[in-house]
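Trainee: fold the following, please.
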Amino acid sequence: MTWLILILAGLLEVAWAVGLKYTAGFTRPVPSVLTLLAMAGSVGLLGLALRHLPLGTAYAIWTGIGTVGTVIFGIVVLGEPASVLRLACIAMIVAGILGLKLATA
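Mentor: Reported below is the predicted structural model:
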C-alpha cells in the first residue's frame, strides 16, 4: 500500500507541474486552485509514504515519477521534442526508479 501511495503522490506531482503551465502565473483562478490542490495532495501523500519508506528512496522516486510524467506530457500533448538523447535520459530515470524500488523491497 505504501508504494501505491507513493505512486499516487508522484502522479499528483505531474498534475501540479503541468498545472503550473496553465495558471498563467497564478492569475487564472480555476487552474490555480486545482494546481494548489494537486500540490497539497502530492506532498501529503509523500508524507504518508515516508512513514514506511526511507527518505532518500521515497523522495527520489516521487521526483522521478514527476519528472518522467511531466516530460511525457510535454512530448505527447505540448509537442516538445522527443530526441533519442532525451528519451534515453528518461529511460535512465525510469531505470533508477526501478532500481530504488528493488533495493528497498
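Trainee: which residue is the nearest non-sequential neighbour of residue 78?
Mentor: residue 21 (7.9 Å; Cβ to Cβ, 6 or more residues apart in numbering). C-betas here are computed from N, CA, C, even on glycine.
Trainee: where does pLDDT dip in this structure?
Mentor: Residue ranges of the chain with pLDDT under 70: 105.
Trainee: what residue of it is the furthest out?
Mentor: Distance from the C-alpha centroid of the chain, by Cα atoms, centre = their mean, peaks at residue 27 (23.4 Å).
Trainee: now it, what's its secondary structure?
Mentor: Put simply, residue 27 is coil when judged by DSSP: H, G, I helix; E, B strand; the rest coil.
Trainee: how close does it sit to residue 11?
Mentor: Applying Cβ to Cβ, to the nearest Å, the value for residue 27 to residue 11 is 26 Å.
Trainee: residue contacts, the spatially most central residue of the chain?
Mentor: A centroid search over the chain (Cα atoms, centre = their mean) returns residue 66, at 1.6 Å, as the residue closest to the centre. Neighbouring residues of residue 66 by Cβ atoms under 8 Å, 6 or more residues apart in numbering: 10, 13, 14, 17, 42.
Trainee: farthest pair within those?
Mentor: The most widely separated members of those are 10 and 17, with 10.6 Å between them, by Cβ to Cβ.
Trainee: who's more crowded, these two?
Mentor: Neighbour comparison, residue 10 and residue 17: the larger count goes to residue 10, with 25 against 20 (by other Cβ atoms under 10 Å).
Trainee: right, I'll call it a day here.
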